[in-house]
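1. Pasting the sequence and the predicted model now:
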Amino acid sequence: MIDKDAIGSTDDGYVMQVELGKIREFARSTQSANSAYLESANPVIPPTFLTTQQFWSTPGSGVFSKIKMDRRRLLHGAQEYIFHGPPPKAGTTLSVQTRIDDIYEKEGRRGGTMTFVVSVTEFRNAAGVLVAEARSTAIETGRAPEKDAS
Amino acid sequence: MNLKWEDLSVGTQLPEREYGPLTITDFVRYQGASGDFNPIHHDDAFAKSAGFPEPFSVGMLQAGILGSYVTDLFGAENVRRFSVQFREQVWAGDRLICTGEVVAISDGADAGTGERSIDLKLNVSRVGGGSAIKGEATFVVA
């Protein structure tokens, strides 16, 4: 059972460096051959790159450590990234903070009660300007769905 | 090669593109790049203990592939919004087809920016299966 008291809680925030090599690695791992990522000396990040924020958080301090979701029953429901201008470039320093925006339950068709956890992460540049936002929906299912679930 | 403003209108279908077949190595490579090391995506015993027949792909891998598809079409610097909803899971051996359609188009006059932009509806489907991802994106277009 996931405690709804976590709604509104935030982590302490941390700093993330947008690294050139990490952009190249991420682009290759998502099967991009785009020279804008692989050859530019100063590339922007790929659309889903900010998921690598998890490398920068202080271990155990993340907002999800307060929630205790079961990895065996954890599904990623949805993910959104918003950029207020061109995506951040290599060399950018971002201040990152995540809050739990919502927690709610739904009855699944075959997975029992599903708990949805919506988190919002804000990314600010050195001037404090909001440059990107991420919105993530994680789902803890009542039991593992079947492979042929439709 | 970026698609041009003159070539775009509501209903324009984007050229489809196939990726894969995906392998466990592709999953692991993405996990290393992203930092998500949930063993359910590479550890057979762990996946079975969770009730799955075998490890399955990281949803964010196929989301990232969809991002690669659409930035190839409209330019890496031009993305302003990218969102995905995860549907069917993706398994080793799956081939994925990325498709998309222009659903809205703006010359920026209403926003007062004068910046041309398009909204896209996107899809990743499994060959022989159903939809793995329903996506949306907004790009500015020169």
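-> Received it, and whenever you're ready, just let me know what you need.
2. report the longest helix in the chain, please.
-> All of this is about chain A. In chain A, taking DSSP state H as the definition, the longest helix is helix A:20-29.
3. wrong one, I was asking about chain B
-> Under DSSP H, chain B gives helix B:59-74 as its longest helix.
4. what's the angle from that helix to helix A:20-29?
-> Counting by axes from the mean of the first three to the mean of the last three Cα atoms, to 10 degrees, helix B:59-74 points 90 degrees away from the direction of helix A:20-29.
5. Can you name every helix or strand that helix B:59-74 contacts?
-> helix A:20-29, strand A:74-83, strand B:17-19, helix B:24-34, strand B:79-86, strand B:96-106, strand B:117-126, strand B:131-140 (3 or more Cβ pairs under 8 Å, 6 or more residues apart in numbering or on different chains; DSSP states H and E). All C-beta atoms are positioned from the backbone trio N, CA, C, and that covers glycine.
6. For that helix, C-alpha coordinates in CSV please.
-> C-alpha atoms of helix B:59-74 as CSV (Å, rounded to 0.1, in the frame of the first residue of the first chain):
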residue,chain,number,x,y,z
GLY,B,59,9.8,1.2,-21.9
MET,B,60,12.1,4.2,-22.1
LEU,B,61,14.2,2.4,-24.7
GLN,B,62,11.4,2.3,-27.2
ALA,B,63,10.5,5.8,-26.2
GLY,B,64,14.0,6.9,-26.9
ILE,B,65,13.9,5.1,-30.3
LEU,B,66,10.8,7.1,-31.1
GLY,B,67,12.7,10.2,-30.1
SER,B,68,15.5,9.3,-32.4
TYR,B,69,12.9,8.7,-35.2
VAL,B,70,11.2,12.1,-34.8
THR,B,71,14.4,14.2,-34.3
ASP,B,72,15.8,12.7,-37.5
LEU,B,73,12.7,14.1,-39.3
PHE,B,74,12.4,17.5,-37.6
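7. Give me the angle between that helix and strand A:74-83.
-> Using the same axes, to 10 degrees: helix B:59-74 against strand A:74-83 is 30 degrees.
8. still on that earlier bit, who's in contact with the longest helix of chain A?
-> Outside of helix A:20-29, the residues within contact range by Cβ atoms under 8 Å, 6 or more residues apart in numbering or on different chains are A:34, A:37-38, A:41-43, A:45-46, A:49, A:52, A:90-91, B:26, B:29-30, B:32-34, B:61, B:64, B:68.
9. and it, which residues are buried?
-> Neighbour counts over helix A:20-29 (16 or more other Cβ atoms under 10 Å in any protein chain shown) mark A:22-29 as buried.
10. need these in TSV with pLDDT, can you?
-> Formatted as TSV, the buried residues of helix A:20-29 follow (pLDDT from 0 to 100):
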residue	pLDDT
A:22	97
A:23	98
A:24	98
A:25	98
A:26	98
A:27	98
A:28	98
A:29	98
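11. Of those, just say which sits nearest to residue B:10.
-> Ranked by distance to residue B:10 (Cβ to Cβ), the buried residues of helix A:20-29 are led by residue A:27 at 30.3 Å.
12. avg pLDDT for the longest helix of chain B?
-> Averaging pLDDT along helix B:59-74 yields 98.
13. Pull the contacting residues for the most centrally placed residue in chain A.
-> By Cα atoms, centre = their mean, chain A has its centre lying nearest to residue A:51, at 4.5 Å. By Cβ under 8 Å, 6+ apart, the contact list for residue A:51 reads A:79, A:134, B:34-36, B:60.
14. what's the answer for residue B:110, then?
-> Counted by Cβ under 8 Å, 6+ apart, residue B:110 has zero contacts.
15. where do the strands sit along chain A?
-> For chain A, the strands defined by DSSP state E occupy A:14-17, A:74-83, A:93-107, A:113-124, A:130-140.
16. What residues sit buried inside the fourth one?
-> Spelled out, it's strand A:113-124. Those buried within strand A:113-124 under the rule 16+ other Cβ under 10 Å are A:114-124.
17. Check stretch A:85-92 too.
-> Neighbour counts over stretch A:85-92 (16+ other Cβ under 10 Å) mark A:86-88, A:90, A:92 as buried.
18. what's the most distant pair in the residues you listed?
-> The two members of the buried residues of stretch A:85-92 with the most space between them (Cβ to Cβ) are A:86 and A:90, at 12.5 Å.
19. can you pull the contacts of the closest residue to residue A:112 other than its chain neighbours?
-> Distance criterion Cβ to Cβ, 6 or more residues apart in numbering or on different chains; nearest residue to residue A:112, sequence neighbours excluded, is residue A:142 at 2.0 Å. Neighbour list for residue A:142: A:73, A:108, A:111-114 [criterion: Cβ under 8 Å, 6+ apart].
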